[in-house]
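Q: predicted model and sequence follow; I will ask about them next.
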Amino acid sequence: MSESDKVFAGSIPTIYDSYLVPLIFSGFAEDMARRAAALSPTAVLETAAGSGVVTRALAPKLASNSRYAVTDLNRPMLNHAAERQGADARITWQEADALALPFDDASFDVVCCQFGVMFFPDRVRGYREAKRVLKPSGRFLFSVWDRIEENVFADDVTNALAEVFPNNPPRFLARTPHGYHDISLIRDELEEAGFSNVMIETRSEESRAPSPRHPALAYCQGTPLRNEIEARGADKLEAATEHAAAAIANRHGKGEVAAKIQGFVITAT
């Protein structure tokens, strides 16, 4: 993983939350919130919280006496999430590395992480940290994307950018968000970290957008893919976005567009 894969700064958090969240994250967040709340936790830790889509879905489902620690390594994303959430005495916001959590052993009933573990430079270490802070019989609940070919708009954008930059195509989406989809590897790494009773469920949804430009803008300007595009030419971002939008329009139409997204939801004890 490139260092630029982890940089969510500048206007990326706002575009991410406005465009990418409704495009691909909201449905999975509601599902994760439902699963976490069904465990009736009194103490929840969320890692790699991003712009707070899971936080906004889960907080209303938790008991009034619960404790909810929301963390992310990226301060601009965490600030954006906190601003959107509003006042809630149950929630604490903390910049934290999921590989070195600043919490005591056996502190939480549930640790959840939506589409964040793909960014961990050492996933086994991250899993061990999640296990360390969980109470006995606590649950680790997280999700990852399936391969990019099962996530159509992301694949469309990646292929379109390979036409714009044929000698050095930006591969962020395939490399990182969609680069950790080997079910056997996920299970092995969780077991290596000390987890048992690993359950992995495939979840498919339909990603919908009001226009072809919406997913093009979401991916090209609302993710670290933007860093890769601008590294190839600071003036090329808008042209690359437009080319991706045209590719989506050619495949899916010029009005409202829809395509498959697919990921895995993992629960480990």
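A: The structure has been received and is ready for your questions.
Q: flag every buried residue along the strand or helix carrying residue 266.
A: Per DSSP states H and E, residue 266 falls inside strand 257-268. Buried residues in strand 257-268, counted by 16 or more other Cβ atoms under 10 Å: 257, 259, 261, 262, 263, 264, 265, 266, 267, 268. No exception for glycine: its C-beta is placed from N, CA and C like everyone else's.
Q: right, and the pair among the residues you listed with maximum separation?
A: The most widely separated members of the buried residues of strand 257-268 are 257 and 268, with 35.5 Å between them, by Cβ to Cβ.
Q: which residues touch the lengthiest helix in the chain?
A: Taking DSSP state H as the criterion, the chain has its longest helix at helix 237-252. Contact partners of helix 237-252, identified using Cβ atoms under 8 Å, 6 or more residues apart in numbering, comprise 153, 156-157, 159-161, 163-165, 211-213, 215-217, 219-221, 226, 229-230, 257-259.
Q: let's see 6 Å
A: Defining contact as Cβ atoms under 6 Å, 6 or more residues apart in numbering, one finds that helix 237-252 is touched by 156-157, 160-161, 164, 212-213, 215-217, 220, 229-230.
Q: again with stretch 31-50
A: Residues outside stretch 31-50 that contact it (Cβ under 6 Å, 6+ apart): 54-55, 57-58, 61, 66-72, 77, 81, 98, 108-114, 116, 139, 141.
Q: residues contacting the residue sitting nearest the centre point of the chain?
A: For the chain, the residue nearest the mean C-alpha position is residue 115 (3.1 Å; Cα atoms, centre = their mean). Going by Cβ under 6 Å, 6+ apart, residue 115 touches residue 143.
Q: what sits closest to residue 103 if chain neighbours are left out?
A: Nearest residue to residue 103, sequence neighbours excluded (Cβ to Cβ, 6 or more residues apart in numbering): residue 133, at 4.8 Å.
Q: would you check that that neighbour makes contact with residue 108?
A: Yes. If you go by Cβ atoms under 6 Å, residue 133 and residue 108 touch, sitting 5.5 Å apart.
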